[in-house]
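Here's my sequence, what's the structure:
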Amino acid sequence: MGPIVYRSLDHQATLGAYVGVTALQDGRGVVKDFVFVDGKSVMSSDAEVGRLRPHE
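Residues are numbered from 1 along each chain as shown. Okay, the predicted model is just below:
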């Protein structure tokens, strides 16, 4: 899965996830057509986080 980094700005992790379609195969649940999505690629930018979070 690669390295996991915590962003100091908002303490969010870059942990990725496998995303796919669930299905039944021989009476058992399986995941098919899955891809790995790197968490860093779907995180909001630092500027966006700064705009949305209240300043203390």
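
So residue 33 sits against residue 18, correct?
No - if you go by C-beta atoms under 8 Å, residue 33 and residue 18 don't touch, sitting 10.8 Å apart. Just so you know, the C-beta spots here come from the backbone N, C-alpha and C atoms, and that holds for glycine as well.

Which positions are bridged to residue 32 in the beta structure?
Beta-bridge partners for residue 32, by DSSP bridges, are residue 21.

Number of residues surrounding it?
Using other C-beta atoms under 10 Å, the number of residues around residue 32 comes to 9.

Would you mind giving me the confidence score for it?
At residue 32, the model reports a pLDDT of 95.

Please list all residues in contact with residue 41.
By C-beta atoms under 8 Å, 6 or more residues apart in numbering, no residues touch residue 41.

Got the phi and psi for it?
phi -70, psi -10 (degrees, to the nearest 10).

Please shift the residue numbers so they start at 34 in all later answers.
Sure, I'll start counting at 34 from here, so that last one is residue 74.

quick one: it from residue 63, how far?
25 Å (C-beta to C-beta, to the nearest Å).

Can you name the residues that contact residue 35?
Residues near residue 35 by C-beta under 8 Å, 6+ apart: 49, 71.

repeat that with 10 Å
47-49, 69, 71-73 (C-beta atoms under 10 Å, 6 or more residues apart in numbering).

any idea of the pLDDT on it?
73.

did I read that right, it in a helix?
No - counting by DSSP: H, G, I helix; E, B strand; the rest coil, residue 35 is not found in a helix; it is coil.

Okay, now the unreliable bits of this structure?
For the chain, the stretches flagged by pLDDT under 70 are 34, 89.

Tell me where it has helices.
Shown for the chain, the helices assigned by DSSP state H span residues 79-85.

Name the nearest residue to the most centrally placed residue in it, ignoring sequence neighbours.
Nearest to the geometric centre of the chain sits residue 72, at 3.7 Å (C-alpha atoms, centre = their mean). Spatially, and ignoring its direct neighbours in sequence, residue 72 is nearest to residue 47 (4.2 Å; C-beta to C-beta, 6 or more residues apart in numbering).
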